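1. Show me the folded form of this:
(2 chains)
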Amino acid sequence: MEKNNETLHILRHSASHIMAQAVQKIFPNAKLAIGPAVDTGFYYDFDLEGHSFTEDDLRKIEEEMKAILKQNLTFEKYLIPDVQKQIDEFKAQGEIYKAELLEEHRNDNPTLYLTKDKDGNVLFNDLCAGPHVPNTTFIKGNAIKLLKVAGAYWRGNEKNKMLQRIYATAFWNKEDLEKYLNFLEEAQKRDHRKLGTQLDLFSVREEIGSGFVLWHPNLAVVREEIENYWRTEHRKRGYVIVNTPQIAKSKLWEISGHIDHYKENMFFIRKENEDEDQYIVKPMNCPFHIMIYQANRYSYRSLPLRMAELGTVYRKEKSGALSGLTRVQGFTQDDAHIFCTPEQLVDEINAIIDFVSDTMKIFNMTFEVELSTRPESFVGDIKNWELAEAGLKEAMDKRGMKYEINEGDGAFYGPKIDFKVKDAIGRTWQCATIQLDFNLPERFDIKYQDKDGTMKTPVMLHRVIFGSMERFHGILIEHFAGAFPLWLSPQQVCVVPISERHNDYASEVYNKLRNAGIRVKLDDRSESMGYKIREALQDNKIPYVLVMGDKEIEAGKVAVRIRGIGEAGTLSVDEFINIVKEKINSKTQELSF
RNA sequence: GCCGAUGUAGCUCAGUCGGUAGAGCAACUGAUUCGUAAUCAGUAGGUCAGGGGUUCGAAUCCCCUCAUCGGCUCCA
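-> Down below sits the predicted model:
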């Protein structure tokens, strides 16, 4: 058997059998559920009454696995001759989950995999389609690692019993495992929640509520730059920008259908007395944008209408779902709604794809695309769906864009294209999305006048580029490991006088930079130069430090030190300002001169 | 919402068997005036997440709530 990436999942699947064997050796009451290989390793789900796996158990199980591996066991495929008999046997053993699975696969020529010792004794068996490695010599004791224990519902259904899942990983050799563990450690250092505290970027307070983000001055600077970019780009691309209220009467949400379909995610404002109207905090911007559309009459000539807003919405989430900046209850969408005729649809979609791709380029991010098609329950005319799906495909095919298709995964109101960017941990986050909507234009009965003079219902597109400002900033923090490119850096330059007698010159330099519109900090504290440099570059991740002492003052220059690079010679202040301004304007990630 | 873990100074953490809380960094004050990724000394800082209970006595044991973390589910 070849030891490559393609066969790695076979190794991992086999390792999961060894783990199950080890668990049942230590905990004979543990019932087996399922234990597949996944992208980064494998897991096995157990039902174990009366005991929760601990870190210590994981160590013991790992030791037991190593002991099992030393016995040089073989994996053997075994076609179940009498399925009913095997089901009864599983039931007698208490293996109710295996029995349930076998019940379902009874007509698929189900097989067991037997783990045998060299005398042919069966030490362990598991209902399994395989394949597996031939024997345990393929699984190296020093290349497996049990990682964590977590709860997981049987068959992923929250109505079912919660099982205990042990996550683990395995590689062909020790070196690959260590590489992976190092990667996990690196990823942890980039965690935006950790960096959020370290760099004083944001916080979430119990007194305010979970999932409501306080943007500290440092991250507010990043956001300001990104919003500036966002506005400029939207103007360039023919959008109009609007502002809408934070709350609306329940009537609006009745028309939009949100009360019927989205209630559990909405925040209701408590009424003081029964006569008052019920107000609801907006979970979406679309109804407001439609109301703006309704304020005017449109013809096919005046469409498409591209309406954008940095709109803050609030969505109630299940308590366990929240996380840092990436999953919150209050967030600002970089939302837009495009009202157009069916003929304009493909062009509009293409323009949005251009927009997304141009934007992600600036951050040096890659993304993958998924198309989700009509689900089982849907609204609108099936012909429109087919046209729309074909349109989305056409737009992507024309530009040679690769995409995955998630059949039946679209929203009930229309198909969608999702853009997923990759973060430091290799996890993909949904950012940009384009969704067609056949529902809201009907519900609000919006129209445009076509060439032939008749009134028709426009096609409506929802789209975001960043998704939410909160999530996108979380991704940015991880992507850059907190070391933002110059144009986004909360502080761009730190001015460090060597000793007190250089303070006057330093403050002159500081004023010059500040007047030039550069975000600069003067560090004239009575600390050592080395300390100030370290704090600026390493702790605060400021791109440039300007050091000045007698020599620089005499020459009218500054000594430049660059984050992650080191000393970069001396320049006049004007020269430095010109270079830095040019770099800021070009949004480059290159700091060196 | 579910399973499990965690919550001690601004941050990172220690705190034994239940006997009234400690370090490093940061902050503040003073000294130092320094040539490229941590100068020295001193001072101050805590209702031990919140509430209830057991106890002569609780950071420590029990219960509830809140929050955070790892997952599951959800993410119209």
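
2. Quick check: residue A:271 is in a helix.
-> No - if the criterion is DSSP: H, G, I helix; E, B strand; the rest coil, then residue A:271 is coil and not within a helix.

3. so it sits right up against residue A:280, yeah?
-> No - with contact defined as C-beta atoms under 8 Å, residue A:271 does not count as touching residue A:280 (11.2 Å). In short, each C-beta sits where N, CA and C put it, glycine included.

4. Toward the C-terminus, what is the element adjacent to the one helix or strand residue A:218 maps to?
-> Element membership of residue A:218, judged by DSSP states H and E, is helix A:217-236. Where DSSP H and E defines the elements, the next helix or strand beyond helix A:217-236 is strand A:240-241.

5. Show me what counts as buried in the helix or strand encompassing residue A:371.
-> Assigned by DSSP H and E, residue A:371 falls within strand A:367-372. Residues A:367, A:369, A:370, A:371, A:372 are the ones in strand A:367-372 that count as buried (16 or more other C-beta atoms under 10 Å).

6. Show me the strands in the stretch 351-500 of chain A, by range?
-> A:367-372, A:404-406, A:416-422, A:428-437, A:448-449, A:455-456, A:459-468, A:493-497 (DSSP state E, counting those that start in this stretch).

7. wait, does the first one make contact with RNA strand B?
-> No - contact between strand A:367-372 and RNA strand B is absent, the nearest approach being 9.0 Å (criterion: C-beta under 7 Å from any atom of the strand).

8. Same check on stretch A:183-190?
-> No - Stretch A:183-190 stays clear of RNA strand B (C-beta under 7 Å from any atom of the strand), getting no nearer than 8.6 Å.

9. Can you name the residues of the stretch 451-593 of chain A that neighbour RNA strand B?
-> Going by C-beta under 7 Å from any atom of the strand, the residues of the stretch 451-593 of chain A near RNA strand B are A:498-501, A:526-531, A:533-534, A:537-538, A:545, A:547-552, A:559, A:561, A:563-567.

10. Filter those residues down to just the buried residues.
-> Buried by 16+ other C-beta under 10 Å: A:498, A:533, A:537, A:545, A:547, A:548, A:549, A:552, A:559, A:561, A:563, out of those.

11. among those residues, which are in helices?
-> The helices, defined by DSSP state H, take in A:533, A:552 from those.

12. Please identify which two of the buried ones among the residues of the stretch 451-593 of chain A next to RNA strand B are farthest apart in space.
-> Spanning the widest gap among those are A:549 and A:563, at 20.7 Å by C-beta to C-beta.

13. Spell out which residues of the stretch 101-250 of chain A are next to RNA strand B.
-> Counting by C-beta under 7 Å from any atom of the strand, the stretch 101-250 of chain A sits next to RNA strand B at A:148-153, A:156-158, A:162, A:164-165, A:193, A:197-198, A:204, A:206, A:209-211.

14. If any of the residues you listed are buried, give me the ChimeraX selection for them.
-> In ChimeraX, the members of these classed as buried (16+ other C-beta under 10 Å) are selected with the following command:
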select /A:149,152,164,165,193,204,211
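
15. mind listing what's buried in stretch A:70-89?
-> Neighbour count says stretch A:70-89 has A:73, A:74, A:75, A:76, A:80, A:83, A:86, A:87, A:89 buried, by 16+ other C-beta under 10 Å.

16. Please tabulate those in a markdown table and include pLDDT, distance to RNA strand B and secondary structure as additional columns.
-> Output for the buried residues of stretch A:70-89, formatted as a markdown table (pLDDT from 0 to 100; distance: C-beta to the nearest atom of the strand, whole Å; DSSP: H, G, I helix; E, B strand; the rest coil):
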| residue | pLDDT | distance to RNA strand B | secondary structure |
| --- | --- | --- | --- |
| A:73 | 90 | 29 | coil |
| A:74 | 89 | 32 | strand |
| A:75 | 90 | 27 | strand |
| A:76 | 86 | 31 | strand |
| A:80 | 85 | 28 | coil |
| A:83 | 84 | 28 | helix |
| A:86 | 88 | 27 | helix |
| A:87 | 89 | 25 | helix |
| A:89 | 88 | 28 | helix |
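
17. Put together TSV for those residues, with distance to residue A:227 on each row.
-> Below are those laid out as TSV (distance: C-beta to C-beta, whole Å):
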residue	distance to residue A:227
A:73	61
A:74	62
A:75	57
A:76	62
A:80	62
A:83	62
A:86	63
A:87	61
A:89	65
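
18. Look through chain A and report the residue furthest from the middle.
-> Most distant from the centre of chain A: residue A:554, at 51.9 Å, with distances by C-alpha atoms, centre = their mean.

19. just to revisit the earlier point, which ones among the buried ones among the residues of the stretch 451-593 of chain A next to RNA strand B lie within strands?
-> Applying DSSP state E to those, the entries found in strands are A:545, A:547, A:548, A:559, A:561.

20. For stretch A:493-505, which outside residues touch it?
-> For stretch A:493-505, the external contacting residues (C-beta atoms under 8 Å, 6 or more residues apart in numbering) are A:506, A:509-510, A:513, A:518-524, A:526, A:529, A:532-533, A:536, A:540, A:542-550, A:552-553, A:558, A:580.

21. Just checking: what are the partner strands of the helix or strand where residue A:311 lies?
-> For residue A:311, the enclosing helix or strand under DSSP H and E is strand A:305-314. With DSSP bridges as the test, strand A:305-314 is paired with strand A:240-241 (parallel), strand A:330-340 (antiparallel).

22. so what strands line up beside the helix or strand following the first one?
-> To tie it back to what came earlier, the one meant is strand A:240-241. Downstream of strand A:240-241, the first helix or strand assigned by DSSP H and E is strand A:247-249. When pairs are called by DSSP bridges, strand A:247-249 turns out to pair with strand A:279-281 (antiparallel).

23. Is RNA strand B within reach of the strand it pairs with?
-> No - Strand A:279-281 lies out of reach of RNA strand B by C-beta under 7 Å from any atom of the strand, never closer than 12.4 Å.
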